[in-house]
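# here is a sequence together with a model predicted from it:
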Amino acid sequence: MIRSVALVRVAAVSVLAALVLGGCAKDTVRYGDARGVETVTNQFGSTDLQMIAEAMTRSLLDAPVVTAHNLPIVTVQEVRNKTSEYIDTRAITDSIRAELQKSGKVRFAVDAAGMSNQREEIDRQQDDEYYDREQVAEKGRMVGAQYRLEGNITSIVKQAKDIKDVYYKFNLQMWNIRNGLLEWTDEKEIRKTTTKG
Amino acid sequence: MQTRRLLLLALLVSVSGCATFRGYDEELRATLTRAGTGDVEGAIRTLERNNRGDDKDLLYYLERGELERLGARYDLSNDAWLHATERVNGWETAAATNPARLGGTLAAYTLNDKLLPYEGHDYEKVMLTTRIALNHLARGNWDDARVAIRQTHEREAVIAQARAREYERIREQAEQQGARIGLKDINGYPVETIDNPEVNALRNGYQSAISHYLAGFVYEALGEPSLAAAGYRQAIELRPDTPLLEQALAGLDERVAAPDDGSSEVLFLIETGLAPARVSRQFSLPIPIDRRLVLVSVSFPVLHTPLAPFLPAALQVDGQTWPVAEVTSIDTMARRALQDEMPGIMLRGFIRSTGKAVAQYQAQRQADLRRRRGDGSGGAALDVAAIALMIGSMTTESADERAWRSLPANVLIARGKLPRGLHHVTLPTPAGGRGVAVNIEGRYAFIGLRLIGDHLFPMLPEAPATQRAPGHLPASLPREALLAPRTEHAG
C-alpha cells in the first residue's frame, strides 16, 4: 500500500512539475546569422547549400575555360535530385550563378526555365504600340550560350539505433555546347552524422 | 486531515463525473450520415448544433473544412482549415521549442484524456496541409498548392522530432512509475486491430504516399523536376510495389522535356469511405495496490470502421479503362497512430486508475478505522466518500474518441494522358457506375472524386488557372464544367 501511495505521489509531482515548467515557458524570436552553421537536423540545410555553392564557384573560377578571360557565355540546366529529400537544386545553382556573375568572369544566357518569360516579354514589347519602336527588343537578337552547366546530387543514408549518417555528393559539369566536350567538372562531398544523447 | 482530503477528493471526482464528457463518435454519426447521402448542408447544420460555443476547437474546423470541400466550396473549406492551421501551428511551436508542454494536462492524468486540449493526431496534421493543397488545385491555384505542400514537408519533420522525444520520455516515465504494461496486458483488447502486418509495414503513422505523390505531381506541373523526383521517390518508399507510383518517377524527365503536344497529363484522385472511429471500451488493467496486482476497469479507444471498404479497380474515361491503384489507407494510418499513442494513453490510464483505486482503498480503510474507534458518523461519511469515489471513477473513465472523422478511409489514383477538352468519367460504386463530365485544360490537370457510400462528390477545378509555370501550364476549368454527377447502371 505504501508503495502504491508513493507511486501516485511521485507521478503527481512529476506530472505537475512538467506542467508547471512547460506552462511557464515563453516563445522568443531572434534574428540569426544567415551564414552561421546550422545543425538543427541532419537533413539538407542552408549550410550544405552554402558549402556546395562556395566550393563549386571557387573551382569553376579556377577552370581554364574561365581563366582564359574569354567571358564564356553559360546557361544553367537542371541539377538532378537523386535523393529522397526535397532539395531545391535550383536554389544551389542560383547561388553559384550569382557568385560567378559577381566575379565578372562569366556571363549567363537565359536558361530553359526562363525562356518562356523572355519570349513573353519580347512579344509584349513587340505587340504593344505604347513602346518606342526604335527601342523595343527585336526577335532574333538573343545570344545563345557556349556552355551549359548541369549536374546531380545523390545521397546515402544509413541509420542504426542511436546514430544516423547522411552522405551527400554534389557533382557539377560544364559542357561545350558546340563540340560536346566536357570543359570542367567537380564534386563536393558532405557527411553529417547525428548521434542520440 | 486525511479524512477531509478524502472527502474533498470524493466530491471532486463525483462532480467531475457529473460533467458531460464529449462522446465524439455519437456526436459525429448524424453529421456523417447526412453527408453520406449528399446532404452537405444538413451535415453542416448538425455539426453547428454540436458546436454552439464561440470558442471552436481544432476538430470543429477540421470537420467543417471537409464538409465545405464536399460541397465544392473550396474557399470556405480553406477558411475553416486556416483556423485549424493556426491551432496546429501552435502545437508545432510548442513541439519545437518546449516539448514538455505536449505531455498533457493534470486533468488528463487525474480524470480523463478527454480533458486534454485536442491537438490532432499526427496523420491529421499532415493531411490538413495536403487537403489545403487539394483545394488550391481545385481552384487552379498551383503556386498556393506548392506552398501547402512545402508546409507538409516541414510539418512531417517537426512531428518526427517531437515524437522521437515524446516516445523516449513516455518510456522513461513508465519505467520510473513501474508501469511496465503492454497492449497484451489489457485484458480483452483487440490487439490485432492496431498491431498487424499491414499496420506495422507503415514507416510511421503520419507520412503518406499520397502527400508525397501529390507533391511530386505539383512540382512536375510547375517545372521543378528535381523536387518532383524527391516526391515520387518518397511515395515509392512509403508504398513499395505500386507500378503507378514507379511509372511517375521513371517517366519524369521525358515528360518534362517533351514539347506541348496539345494533351494533358491528368491525375485522378479517388477517395473512398470515412476514417475510422475511436470508440471507448472498458477493459481491465492490472494495477499494483498493497503489493498485489488488482484488476481495475480502465477505458481505452478501439478503432471501428464506419463503412465497408470500397476500392474500385478501375475507372472509365470516355469508355476506356484506366487502372486505379490504392496509394494510401488513412484507415491503416489511424491504426498505426493509435498503436504509437497507446503507450502514452496506457501510462495516463495507469496513473489515473492507480490514483483512483488507492483513494477508494484509503477511504474504506479510514472508514473501518473510524468505526473501530467508535466514530460511527465519521465512518459513515467515509463510506459515502468511498462510494462517491467509486461512482466518480466509473463515470469519468471513458476513452478519448476524438478524431477527424470526415477524412476518407482510402486514397487511390489513376493517371494518364488525355486530349484537352470535355471527357466523360465513370467511377464504379457499390450501387453501380457514377458518371461525371470533366473539362481538361492545360498541360497538367487534377481531378478529385470523393465517394462516401454510394454518393459521388466530384471535386472539379472551379476557376481558370492563375499561375503559370514556364512551358508547363496547369489545367483550368470554367465553372460551367462542374456538372452534377449522374448515375449509370452499365451492365
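Happy to help now that I have it. Numbering: from 1, shown residues only, chains lettered A, B, ... in the order given.
# surely residue A:107 is in contact with residue A:66?
No - at 10.9 Å, residue A:107 and residue A:66 do not qualify as touching, with contact defined as Cβ atoms under 8 Å. Every residue, glycine included, has its C-beta placed from N, CA and C.
# for the strand or helix carrying residue B:25, name the packing helices and strands.
Assigned by DSSP states H and E, residue B:25 belongs to helix B:24-36. Applying 3 or more Cβ pairs under 8 Å, 6 or more residues apart in numbering or on different chains; DSSP states H and E, we find helix B:24-36 packed against helix B:40-49, helix B:58-70, strand B:277-289, strand B:444-452.
# distance of residue B:259 relative to chain A?
Residue B:259 sits 12 Å away from chain A, going by Cβ to the nearest Cβ, to the nearest Å.
# count the residues that sit near that residue.
By the criterion of other Cβ atoms under 10 Å in any protein chain shown, residue B:259 has 6 neighbours.
# run a quick neighbour tally on the residue in the stretch 151-300 of chain B that chain A sits nearest to.
Relative to chain A, the nearest point of the stretch 151-300 of chain B is residue B:226 (3.7 Å; Cβ to the nearest Cβ). By other Cβ under 10 Å, 24 other residues sit near residue B:226.
# need the pLDDT of it.
We note a pLDDT of 93 for residue B:226 in this prediction.
# cool, and residue B:370?
Each residue has a pLDDT score; the one for residue B:370 is 83.
# which residues are in contact with it?
B:3, B:376, B:378, B:379, B:382 (Cβ atoms under 8 Å, 6 or more residues apart in numbering or on different chains).
# just the ones of those in helices?
B:3, B:376, B:378, B:379, B:382 (DSSP state H).
# which of those ranks first by neighbour count?
residue B:382 (26 neighbours).
# quick check: closest non-adjacent residue to it.
residue B:367 (3.6 Å; Cβ to Cβ, 6 or more residues apart in numbering or on different chains).
# what's the angle from the helix or strand harbouring the one you found to strand B:277-289?
Element membership for residue B:367, per DSSP H and E: helix B:330-372. Using axes from the mean of the first three to the mean of the last three Cα atoms, to 10 degrees, the inter-axis angle of helix B:330-372 relative to strand B:277-289 is 40 degrees.
# what do residue A:107 and residue A:66 both touch?
residue A:72.
# restrict the helix holding residue B:25 to CA atoms and write it as PDB.
C-alpha atoms of helix B:24-36 as PDB (Å, rounded to 0.1, in the frame of the first residue of the first chain):
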ATOM      1  CA  TYR B  24     -17.400  12.200 -30.200                       C
ATOM      2  CA  ASP B  25     -18.400   9.000 -32.100                       C
ATOM      3  CA  GLU B  26     -22.000   9.500 -31.300                       C
ATOM      4  CA  GLU B  27     -21.800  13.200 -31.900                       C
ATOM      5  CA  LEU B  28     -20.400  12.800 -35.400                       C
ATOM      6  CA  ARG B  29     -22.600   9.900 -36.500                       C
ATOM      7  CA  ALA B  30     -25.600  12.000 -37.500                       C
ATOM      8  CA  THR B  31     -23.300  14.500 -39.300                       C
ATOM      9  CA  LEU B  32     -21.600  11.900 -41.400                       C
ATOM     10  CA  THR B  33     -24.800  10.000 -42.100                       C
ATOM     11  CA  ARG B  34     -26.200  13.200 -43.700                       C
ATOM     12  CA  ALA B  35     -23.000  13.800 -45.600                       C
ATOM     13  CA  GLY B  36     -23.100  10.300 -46.900                       C
END
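# let me know the average pLDDT across it.
Mean predicted lDDT for helix B:24-36 stands at 91.
# one more: stretch B:326-341?
pLDDT averaged over stretch B:326-341 gives 95.
# tell me which residues of that stretch come out buried.
For stretch B:326-341, burial by neighbour count (16 or more other Cβ atoms under 10 Å in any protein chain shown) applies to B:326-341.
# off-centre distance for that stretch?
Put simply, stretch B:326-341 sits 9 Å off its chain's centre (Cα atoms, centre = their mean, to the nearest Å).
# select, out of the helices and strands packed on helix B:24-36, the one closest to chain A.
strand B:277-289 (5.1 Å).
# other SSEs contacting that closest one?
Partner elements for strand B:277-289 (3+ Cβ pairs under 8 Å, 6+ apart): helix A:2-24, helix B:24-36, strand B:292-304, helix B:330-372.
# let's have those in CSV, adding distance to residue B:279.
Shown next, in CSV, are those (distance: least, Cβ to Cβ, whole Å):
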stretch, distance to residue B:279
helix A:2-24, 27
helix B:24-36, 5
strand B:292-304, 5
helix B:330-372, 11
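# which one of the ones you listed lies closest to residue A:136?
helix B:330-372 (55.6 Å; Cβ to Cβ).
# what's the spacing between that closest one and its chain's center?
25 Å.
# now stretch B:248-260
34 Å.
# what's the span of that stretch, first residue to last?
In stretch B:248-260, first residue to last residue: 18 Å (Cα to Cα, to the nearest Å).
# contacting residues around it?
B:213, B:216-217, B:220, B:223, B:225, B:228-229, B:232-233, B:235-236, B:265, B:415, B:443, B:471-472.
# now intersect these with the strands, please.
The strands, defined by DSSP state E, take in B:265, B:415 from the contacts of stretch B:248-260.
# buried subset of the contacts of stretch B:248-260?
The buried subset of these (16+ other Cβ under 10 Å) comprises B:213, B:216-217, B:220, B:223, B:225, B:228-229, B:232-233, B:235-236, B:265, B:415, B:443, B:471-472.
# tell me the SS of the residue nearest to residue B:211 when sequence neighbours are not counted?
Leaving aside its sequence neighbours, residue B:211 sits nearest to residue B:130 (Cβ to Cβ, 6+ apart; 4.5 Å). Three-state call for residue B:130 (DSSP: H, G, I helix; E, B strand; the rest coil): helix.
# pLDDT score for residue B:130?
Reported pLDDT for residue B:130: 97.
# how about the one 5 residues further on?
In the prediction, the pLDDT value recorded for residue B:135 is 96.
# ok, which stretches of chain A are helices?
Counting by DSSP H, the helices of chain A are A:2-24, A:46-61, A:64-67, A:89-103, A:112-127.
# ok, the residue of the stretch 151-300 of chain B closest to chain A - contacts?
Applying Cβ under 8 Å, 6+ apart, the residues near residue B:226 are A:78, A:79, A:80, A:81, A:87, A:88, A:89, A:90.
# could you chop chain A up by domain?
A:42-109+A:144-197, A:114-142 (automatic domain parsing).
# please tabulate those in CSV, including the columns mean pLDDT and distance to residue B:456.
Putting the domains of chain A into CSV (pLDDT from 0 to 100; distance: least, Cβ to Cβ, whole Å) gives the following:
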stretch, mean pLDDT, distance to residue B:456
domain A:42-109+A:144-197, 94, 33
domain A:114-142, 94, 37
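# may I ask which helix or strand of chain B has the lowest mean pLDDT?
For chain B, using mean pLDDT, DSSP states H and E, the weakest element among its helices and strands is strand B:486-488, scoring a mean of 41.
# quick revisit: and the contacts of residue B:226, which is closest to residue A:179?
Using Cβ to Cβ, those come closest to residue A:179 at residue A:78, 21.6 Å.
# circling back to that earlier point, the helices and strands packed on strand B:277-289: which one's closest to residue A:48?
Short answer: helix B:330-372, nearest of the helices and strands packed on strand B:277-289 by Cβ to Cβ, at 30.4 Å.
# point out where the stretch 351-491 of chain B drops to low pLDDT.
B:389-396, B:462-491 (pLDDT under 70).
# tell me the centre residue of chain B?
Nearest to the mean C-alpha position of chain B, by Cα atoms, centre = their mean, lies residue B:124 at 3.9 Å.
# which phi and psi does residue B:263 have?
Here is the backbone geometry of residue B:263 (degrees, to the nearest 10): phi -110, psi 170.
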